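K.L.:
Pasting the sequence and the predicted coordinates here, then a few questions.
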Amino acid sequence: MATSGSSHGPSTDQPPPSLPNSGSAAGVCIMSNAWKDEQDPSLISFISAFLGSNSFRLNFVSISPDLIFNCGGVSIAFVFVTKWDDCCNVGSIFNRVKRLKAQFARLYVVATLSTKEQDDSFMRSYFHFSIRYEMEFGKPAFVLVTDPEMGFEKIVKISTSRGMCKQQKVASKVKVELYLAIGSIEAAAKTSKEDILANTDLSSDKADSLSRDSLKVQKVSILFSKLLEFVEMGSSVEQNILVTGGAGFIGTHTVVQLLKEGFKVSIIDNLDNSVIEAVDRVRELVGPDLSNKLEFNLGDLRNKGDIEKLFSKQRFDAVIHFAGLKAVGESVGNPRRYFDNNLVGTINLYEAMAKYHCKMMVFSSSATVYGQPEKIPCVEDFELKAMNPYGRTKLFLEEIARDIHAAEPEWRIVLLRYFNPVGAHESGRIGEDPKGIPNNLMPYIQQVAVGRLPELNVYGHDYPTEDGSAVRDYIHVMDLADGHIAALRKLFADPKIGCTAYNLGTGRGTSVLEMVAAFEKASGKKIPIKLCPRRAGDATAVYASTERAEKELGWKAKYGVDEMCRDQWNWANNNPWGYQKKL
Ligand SMILES: O=c1ccn([C@@H]2O[C@H](COP(=O)(O)OP(=O)(O)O[C@H]3O[C@H](CO)[C@@H](O)[C@H](O)[C@H]3O)[C@@H](O)[C@H]2O)c(=O)[nH]1
């Protein structure tokens, strides 16, 4: 492609063509400064005008790929290999590709190989070096272009055959259009030479060369229009997300939102604190079409074989890692169970992700990592400490994530620190269903409301708060689910995300007694309470600073306490025994 750029100067009087369906703000194209400097300036200004007229903003930045297109949060990176010299530069090319492959889930290497010798040499090297440079067939996709000025027939063909374009129909449509485009360009070029001869007194040679220039301009414009279509196709390919613990409370709500947002989802869950009925209800909520994009795998992250089975049969673009135990009291009595489940399971998961080159993770952390915060609201860069073995597992896992990223910077990890998740899906079909006596406030209140428990113990009525009860930042589980989608999009869109923590809370504190009152209002039920001493380890008041999530993830909680209680009650009222039919 670069070859075509260096061999012509697009005429400035020719307006850049537009793509037929380009709407406003199609996306951003980031072009490497170094790559730009190697090209003919007229090519760059042509590309710039072309992208502009197709609503793509072009930025010149120091980046490792030559081009990155970002459409709708999906980054697609391109590298152009225009000089193939098998005796000198093969190692550095494959090295660069190896590095970039770890950073971009969608990386395409467009190699212009104009001669048969270059093509043969490339093939030899590809197979020879594939193990040393950890290439897997099709990952990344190498797009071999023999005609440097017109490579998109190949691009579409190769990408289709390698299964990148899952939407075969789109690919074949592009192919047909491409053939039509080639035909019409050639026709246009011929007309143009005849026009020149008929309307000027230029020689046949001069007219020939002028029409060839015009042909080249049109070829470049077609090349770029096809590149954009290719990018759009790439961004519309479904991303496949592995959700560990996807049958649980936050997991099910997030899976519903993921499917609605067009992601393909695989759940792995050992059903330790959840039931398969919850997944069936997710299917019912999203309907049969989206349900086809959901796969359930019974498995335990502590068992490496279960994870291997999953990763060896499909590629995941990212993992949302919910699986883990979360009862503070139980963790104090049985810390080994917590370390085994939460730590060993996660370490196994990281191993498999690294092996299969899936290095994007959204991790369920918790506000518990702030311990007893000295100040409120809690800001992400506060000092972290844990108060119990459960909290320690979250803190260790955050540290592990930071260490992995420090050693292997290509990892992208978002740590989501949840405050107090409550509420349920508005349908009342899915919600929280803890096994045994609930530890947390809202499930407890809910069970009192439906008559399963006689009264609520209010732990602490002498806190230095307005009504003496402790203050927390309750957040609607649907807001939390949307926070995961925002985090995932951030992972895909931002190669510089590194390992970053975000609070997911509302930024508002509500006391235990205020929560009881809001639930009574929403349910019309009286919740009998018993004022009890403080619960060991409880903080007085904890709520989130939401600034970072708002600014960087573009996410903000929508629901207040009234909606949380309304939806929690709707779930409780319709499912007094949770997912069980009756007790
Ligand atoms: O039967 C109950 C249960 C709770 N509370 C009080 O309600 C408040 C909220 O308690 P709970 O729902 O147990 O949440 P937290 O103790 O704030 O802990 C939650 O929030 C943490 C993050 O802040 C997470 O790490 C934990 O997993 C999660 O349980 C606290 O003041 C409790 O003392 C009661 O008064 N009675």
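P.N.:
Structure received.
K.L.:
right, is stretch 393-410 up against the ligand?
P.N.:
No - Stretch 393-410 does not reach the ligand (CB under 6 Å from any ligand atom); its nearest approach is 7.0 Å. To be clear about C-beta, it is placed using only N, CA and C from the backbone, and glycine gets the same treatment.
K.L.:
buried set for that stretch?
P.N.:
Going by neighbour count (16 or more other CB atoms under 10 Å), the buried part of stretch 393-410 is 393-398, 400-402, 404-405.
K.L.:
Residue 31: which of the residues you listed is nearest?
P.N.:
The closest of the buried residues of stretch 393-410 to residue 31 turns out to be residue 405 (CB to CB; 27.0 Å).
K.L.:
How is that closest one assigned, secondary-structure-wise?
P.N.:
helix (DSSP: H, G, I helix; E, B strand; the rest coil).
K.L.:
And the residue lying closest to it once chain neighbours are set aside, how far from the ligand?
P.N.:
Closest residue to residue 405 apart from its sequence neighbours, by CB to CB, 6 or more residues apart in numbering: residue 499 at 3.7 Å. Distance of residue 499 to the ligand, computed by CB to the nearest ligand atom, to the nearest Å: 20 Å.
K.L.:
from the buried residues of stretch 393-410, which single one is nearest the ligand?
P.N.:
The nearest member of the buried residues of stretch 393-410 to the ligand, counting by CB to the nearest ligand atom, is residue 394 at 7.0 Å.
K.L.:
Stretch 258-267 spans what distance, first to last residue?
P.N.:
One end of stretch 258-267 sits 12 Å from the other (CA to CA, to the nearest Å).
K.L.:
Just the residues contacting that stretch, thanks.
P.N.:
238-244, 246-247, 251, 255, 279, 282, 286, 290-291, 293-297, 310, 314, 316, 320, 484-485, 488 (CB atoms under 8 Å, 6 or more residues apart in numbering).
K.L.:
wait, does the helix or strand where residue 486 lies contact the ligand?
P.N.:
Taking DSSP states H and E as the definition, residue 486 sits inside helix 477-493. No - legend: contact between helix 477-493 and the ligand by CB under 6 Å from any ligand atom is lacking; minimum distance shown is 12.2 Å.
K.L.:
Determine the set of other helices and strands touching that helix.
P.N.:
The contact analysis (3 or more CB pairs under 8 Å, 6 or more residues apart in numbering; DSSP states H and E) places helix 477-493 against strand 74-81, helix 249-260, strand 318-321, strand 360-366, strand 412-418, strand 420-422, strand 499-504.
K.L.:
got JSON lines for those, with mean neighbour count, mean pLDDT and distance to residue 33 too?
P.N.:
What follows is those, written out as JSON lines (neighbours: other CB atoms under 10 Å; pLDDT from 0 to 100; distance: least, CB to CB, whole Å):
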{"stretch": "strand 74-81", "mean neighbour count": "24", "mean pLDDT": "81", "distance to residue 33": "15"}
{"stretch": "helix 249-260", "mean neighbour count": "25", "mean pLDDT": "97", "distance to residue 33": "36"}
{"stretch": "strand 318-321", "mean neighbour count": "26", "mean pLDDT": "97", "distance to residue 33": "29"}
{"stretch": "strand 360-366", "mean neighbour count": "25", "mean pLDDT": "97", "distance to residue 33": "26"}
{"stretch": "strand 412-418", "mean neighbour count": "24", "mean pLDDT": "97", "distance to residue 33": "23"}
{"stretch": "strand 420-422", "mean neighbour count": "24", "mean pLDDT": "98", "distance to residue 33": "45"}
{"stretch": "strand 499-504", "mean neighbour count": "24", "mean pLDDT": "98", "distance to residue 33": "26"}
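K.L.:
mind checking which of these is nearest residue 540?
P.N.:
strand 420-422 (14.5 Å).
K.L.:
Pull the distance from the helix or strand that the closest one is followed by to the chain's centre.
P.N.:
Per DSSP H and E, the first helix or strand lying C-terminal to strand 420-422 is helix 441-449. Distance, stretch centre to chain centre, for helix 441-449: 34 Å (CA atoms, centre = their mean, to the nearest Å).
K.L.:
give me the low-pLDDT residue ranges for the stretch 451-583 of the chain?
P.N.:
582-583 (pLDDT under 70).
K.L.:
ok, which residues in it are in contact with the ligand?
P.N.:
Within the stretch 451-583 of the chain, the positions near the ligand by CB under 6 Å from any ligand atom are 456-460, 470, 472, 512, 535, 538, 542.
K.L.:
The residue nearest to residue 405 contacts residue 401, correct?
P.N.:
Yes - Residue 499 is within contact range of residue 401, at 5.2 Å (criterion: CB atoms under 8 Å).
K.L.:
Give me the common contacts of the two.
P.N.:
413, 415.
K.L.:
could I get the residues of the stretch 451-583 of the chain next to the ligand as TSV with neighbour count?
P.N.:
Shown next, in TSV, are these (neighbours: other CB atoms under 10 Å):
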residue	neighbour count
456	21
457	12
458	21
459	18
460	18
470	23
472	24
512	24
535	14
538	16
542	23
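K.L.:
Looking at these, which are in strands?
P.N.:
Members of these lying in strands (criterion: DSSP state E): 456-459, 472.
K.L.:
So residue 463: helix, strand or coil?
P.N.:
With three-state DSSP as the basis, residue 463 sits in coil.
K.L.:
Make 4 the starting number, not 1.
P.N.:
All right, first residue 4 from here; so that's residue 466.
K.L.:
what about the spatially closest residue to it that is not a sequence neighbour, how many neighbours?
P.N.:
Using CB to CB, 6+ apart and skipping the chain neighbours, the partner closest in space to residue 466 is residue 543 (4.8 Å). Per other CB atoms under 10 Å, the neighbour tally for residue 543 reads 15.
K.L.:
Correct me if wrong: residue 543 contacts residue 465.
P.N.:
No - taking contacts as CB under 8 Å, residue 543 lies outside contact range of residue 465: 10.2 Å.
K.L.:
Quick check: neighbours shared by these two?
P.N.:
Common neighbours of residue 543 and residue 465 (CB under 8 Å, 6+ apart) do not exist.
K.L.:
In terms of secondary structure, what does the helix or strand encompassing residue 551 contact?
P.N.:
Applying DSSP H and E as the criterion places residue 551 in helix 550-551. Packing contacts for helix 550-551, counted by 3+ CB pairs under 8 Å, 6+ apart, involve no helix or strand.
K.L.:
what does the next helix-or-strand element following that helix contact?
P.N.:
The element immediately downstream of helix 550-551 (helix or strand, assigned by DSSP H and E) is helix 564-577. Residues from elsewhere that reach helix 564-577 (CB under 8 Å, 6+ apart): 425-429, 431-435, 445, 449-450, 452-453, 477-479, 481, 513, 517-518, 521-522, 524-526.
K.L.:
change it to 6 Å
P.N.:
The set of residues external to helix 564-577 that reach it, using CB atoms under 6 Å, 6 or more residues apart in numbering, is 425-427, 429, 431, 434, 445, 449, 452-453, 477, 479, 513, 521-522, 525-526.
K.L.:
confidence score at the residue nearest to residue 349 when sequence neighbours are not counted?
P.N.:
Nearest residue to residue 349, sequence neighbours excluded (CB to CB, 6+ apart): residue 400, at 5.5 Å. Per-residue pLDDT puts residue 400 at 98.
K.L.:
elements contacting the strand or helix carrying residue 400?
P.N.:
In this assignment (DSSP H and E), residue 400 forms part of helix 392-410. On a contact count with 3 or more CB pairs under 6 Å, 6 or more residues apart in numbering; DSSP states H and E, helix 392-410 meets helix 331-336, helix 338-341, strand 363-369, strand 415-421, strand 502-507.
K.L.:
now check the shortest one, is it near the ligand?
P.N.:
No - applying CB under 6 Å from any ligand atom, one finds that helix 338-341 is not in contact with the ligand, the shortest distance being 11.7 Å.
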